[in-house]
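1. just coords:
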Ligand SMILES: C[C@@](CO)(OP(=O)(O)O)[C@H](O)COP(=O)(O)OP(=O)(O)OC[C@H]1O[C@@H](n2ccc(N)nc2=O)[C@H](O)[C@@H]1O
Ligand SMILES: Nc1ncnc2c1ncn2[C@@H]1O[C@H](COP(=O)(O)OP(=O)(O)O)[C@@H](O)[C@H]1O
């Protein structure tokens, strides 16, 4: 195989509870990760020298900090592979919006290069490598909708109704670090067990603080709630609502406020990346 193209889908946090602060400064979370069927696309082309290059439709993303390059270099170093690759990232997801696009790109890179370089590393190994790049990377490596604990790396699969979501990203950037450092963050939610997932309404502990600090998020939620119950994902700024069907989601999308980006996606229990990998067999 000389080349392959794979999806890197987005996620939503259907709920996000902050259950405590850890000695290393990070916070323990409990979250319900919902994978979506919409995302970026990555093409990997084999090189027989050990060079790794990145091209992207957004030139600002072509730099060494890009999680795609960091994932590729980490895998090359870990596996001692003598191969390299040219990578093209078709960036479609809004960035820094709590949709996990960068983490998903990193996971797809680990999965894609494992295949292209014929490394045969296990999913457990790839998830462990992924965790070095970001807390959400193991989710996208394993590729199932999940209840997560720890900093998001302890994952148990969950089967949810595959609903239609409208995802809306207001024109503001929320700093994850700022939210987790803030004294007013709710960080003492009582832990729940996986059996209690459906017992109380889903909420995001970061949302009250983000709404206060970023009025654009509050205004966007006020707009969306006119159509359906809505929430923020991750540490924002994106918000989402489930709709009964595509038509009603499409209707709300046509009324989108001018300063927002929006897209419609379906929740999926399995990431399309695994079906795409199977197609390359
Ligand atoms: C909280 C989530 C939920 O999905 O938010 P989103 O990024 O998706 O919005 C993620 O797990 C975020 O993961 P990730 O985006 O990798 O976080 P990082 O960049 O590593 O975090 C930036 C900073 O936030 C704080 N942080 C992050 C995650 C965590 N569980 N506890 C923390 O205290 C740390 O201070 C860290 O230095
Ligand atoms: N491949 C990538 N795609 C998007 N952002 C990336 C990527 N690599 C690094 N980043 C950086 O990571 C930040 C967070 O990206 P993203 O994963 O989209 O958001 P979030 O973690 O809020 O879901 C971006 O602002 C960007 O600076």
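-> Structure received. This one's a predicted model, so the numbers in the text were calculated from it and none came from an experiment. Ligands and ions are numbered 1, 2, ... in the order given.

2. is any part of the strand or helix carrying residue 140 close to ligand 1?
-> In this assignment (DSSP states H and E), residue 140 forms part of helix 137-142. No - remark: helix 137-142 sits outside contact range of ligand 1, by Cβ under 6 Å from any ligand atom, the gap being at least 7.6 Å. Yep, even glycine has a C-beta here, placed from its N, CA and C like the rest.

3. and that helix, what does it pack onto?
-> strand 3-21, helix 101-116, helix 123-131, strand 154-157 (3 or more Cβ pairs under 8 Å, 6 or more residues apart in numbering; DSSP states H and E).

4. So the longest one, near ligand 2 or not?
-> Same thing as strand 3-21. No - contact of strand 3-21 with ligand 2 (Cβ under 6 Å from any ligand atom) is absent, the minimum separation being 8.0 Å.

5. buried ones in that strand?
-> By neighbour count with 16 or more other Cβ atoms under 10 Å, strand 3-21 contains the buried residues 4, 6-19.

6. out of the helices and strands packed on helix 137-142, nearest to ligand 1?
-> Among these, the nearest to ligand 1 by Cβ to the nearest ligand atom is strand 3-21 (5.2 Å).

7. ok, the closest residue to residue 11 other than its chain neighbours - contacts?
-> Distances taken as Cβ to Cβ, 6 or more residues apart in numbering place residue 100 nearest to residue 11, at 4.5 Å, with adjacent residues excluded. By Cβ atoms under 8 Å, 6 or more residues apart in numbering, the contact set of residue 100 is 10-11, 136, 139-140, 234.

8. returning to what we had before: in CSV, list the helices and strands packed on helix 137-142 along with mean pLDDT.
-> What follows is the helices and strands packed on helix 137-142, written out as CSV (pLDDT from 0 to 100):
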stretch, mean pLDDT
strand 3-21, 98
helix 101-116, 98
helix 123-131, 98
strand 154-157, 98
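
9. Indicate which one of these is closest to residue 174.
-> Residue 174 sits nearest to strand 3-21 of all those, at 13.1 Å, using Cβ to Cβ.

10. what about the closest one and ligand 1, any contact?
-> Yes - counting by Cβ under 6 Å from any ligand atom, contacts between strand 3-21 and ligand 1 involve residue 13.

11. Give me the contact status of the next helix or strand after that strand with ligand 1.
-> Using DSSP H and E, the helix or strand that follows strand 3-21 in sequence is strand 27-47. Yes - using Cβ under 6 Å from any ligand atom, strand 27-47 reaches ligand 1 at 27, 29.

12. Return the list of helices and strands in contact with strand 27-47.
-> Under the contact criterion of 3+ Cβ pairs under 8 Å, 6+ apart, strand 27-47 touches strand 3-21, strand 84-90, helix 101-116, strand 146-149, strand 164-170, strand 260-268.

13. Which residue is the nearest non-sequential neighbour of residue 30?
-> Spatial nearest neighbour of residue 30, excluding adjacent residues (Cβ to Cβ, 6+ apart): residue 17 at 4.4 Å.

14. Excluding chain neighbours, what is closest to the closest residue to ligand 1 within the chain?
-> Nearest residue of the chain to ligand 1, counting by Cβ to the nearest ligand atom: residue 234, 2.4 Å away. Closest residue to residue 234 apart from its sequence neighbours, by Cβ to Cβ, 6+ apart: residue 98 at 2.8 Å.
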